[in-house]
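[1] Fold the following.
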Amino acid sequence: MRQEIRNMLMQYAEQQYKDFSSSLIPGAKPLLGVRLPQLRQLAKSIVNDKTNKSRWRQETAAYDGDCEDLFFEETMLRGMLISYGTAQKEISCKEGLLYLKEFIPWIDNWSVCDSFCNSFTFANRYREEVWAFLQPYLYSNQEFQVRTGLILLLSQYLKYDAENQKIPRNKTVCMADLEKDQNQKAQYPYLEKILMTLNRPFSQGYYAQMAAAWLLAETFICFPYETHQMLVNGCKMDTWTYHKALQKLRESLNPDKEVKEYLKSLKN
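    All right, here's what the predicted structure looks like:
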């Protein structure tokens with residue numbers, strides 16, 4: 001980030017918040033202690049700057065010299081600028097994918113990853129193109145490249161139907177839900193693709209494995225029958241990720257008591 005932006009961030013820094021957050025985000029660049037709502041507000045003000053509509057592009061320029069990120073909040077802000085900037089209708093598929101490609105290598109912690117993925121709504125407009133773009137990252141040997149791909153599937157693909165409408169997750173999951181095929185795969189075109197992406201070992205590191213477990217658990221809650229079929233018919237996930245997904249489901253409020261007891265029996 002340019003020094004001007006860095007100076008603005010320093011004005012918003014809180015020592016107490018820095019001390020609290022530092023231990024929660026291992027591997028990140030040094031923290032200033034700026035709260036996320038303040039970062040979002042700053043990002044939106046830059047993207048919506050009517051006097052300079054290209055300002056967000058300028059602030060996300062190449063990582064060299066004075067523009068290199070020195071602090072966690074700078075990379076977080078950069079991701080927000082790309083998410084909000086590429087959400088504009090005039091952004092082409094080619095341009096949006098270029099920004100995504102340039103940003104992914106700089107994701108080095110779960111916080112930047114998850115925040116960026118949750119706000120990267122560009123994927124809603126170009127689903128097939130973004131899906132194809134993500135394939136090398138989903139099968140990368142780099143921990144945060146894999147996590148970024150998986151969290152994008154979780155936030156921008158899993159809960160959208162064929163009409164691109166977002167669906168609510170199931171409030172409860174009972175044994176009957178595991179046994180009844182409601183032909184969901186036709187209505188949700190990425191469901192089978194997501195299950196196929198998950199049905200393999202994950203060995204890229206803790207944060208990739210946690211993302212896979214989280215995505216599998218959420219897929220189970222949204223689509224219990226289809227996910228259950230994957231779990232009981234030769235599931236190829238590595239043992240650690242598989243068990244972590246089952247643990248997340250047992251700790252969730254959504255599966256009922258009978259389902260949670262049943263999930264214990266699936267632990268191999």
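
[2] Check Tyr63 and give its pLDDT.
    At Tyr63, the predicted lDDT confidence score is 46.

[3] what about the residue sitting nearest the centre point of the chain, helix or strand, and which?
    Nearest to the mean C-alpha position of the chain, by CA atoms, centre = their mean, lies Ile151 at 2.6 Å. Element membership for Ile151, per DSSP states H and E: helix 143-156.

[4] Which other helices and strands does that helix contact?
    Judged by 3 or more CB pairs under 8 Å, 6 or more residues apart in numbering; DSSP states H and E, the packing partners of helix 143-156 are helix 110-119, helix 122-125, helix 127-138, helix 191-198, helix 206-222. The way it works is simple: take the backbone N, C-alpha and C, and place the C-beta from them, glycine included.

[5] check contacts around the residue nearest to Ser119 when sequence neighbours are not counted.
    Using CB to CB, 6 or more residues apart in numbering and skipping the chain neighbours, the partner closest in space to Ser119 is Ser83 (3.9 Å). Ser83 is in contact with Phe116, Ser119, Phe120, Thr121, Phe122, counting by CB atoms under 8 Å, 6 or more residues apart in numbering.

[6] pLDDT (mean, whole number) over the helix or strand hosting Ser83?
    Taking DSSP H and E as the definition, Ser83 sits inside helix 72-86. Taken as a whole, helix 72-86 has a mean pLDDT of 96.

[7] can I have the helix holding Ile151 written out in PDB, keeping just the CAs?
    The C-alpha coordinates for helix 143-156 follow below in PDB (Å, rounded to 0.1, in the frame of the first residue of the first chain):
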ATOM      1  CA  GLU A 143      -2.000 -24.400   2.000                       C
ATOM      2  CA  PHE A 144      -3.600 -21.000   1.500                       C
ATOM      3  CA  GLN A 145      -4.200 -21.500  -2.200                       C
ATOM      4  CA  VAL A 146      -6.300 -24.500  -1.300                       C
ATOM      5  CA  ARG A 147      -8.100 -22.800   1.500                       C
ATOM      6  CA  THR A 148      -8.900 -19.800  -0.700                       C
ATOM      7  CA  GLY A 149     -10.500 -22.100  -3.300                       C
ATOM      8  CA  LEU A 150     -12.500 -24.000  -0.700                       C
ATOM      9  CA  ILE A 151     -13.800 -21.000   1.100                       C
ATOM     10  CA  LEU A 152     -14.800 -19.500  -2.200                       C
ATOM     11  CA  LEU A 153     -16.800 -22.700  -2.800                       C
ATOM     12  CA  LEU A 154     -18.400 -22.400   0.600                       C
ATOM     13  CA  SER A 155     -19.300 -18.700   0.400                       C
ATOM     14  CA  GLN A 156     -20.000 -18.200  -3.300                       C
END
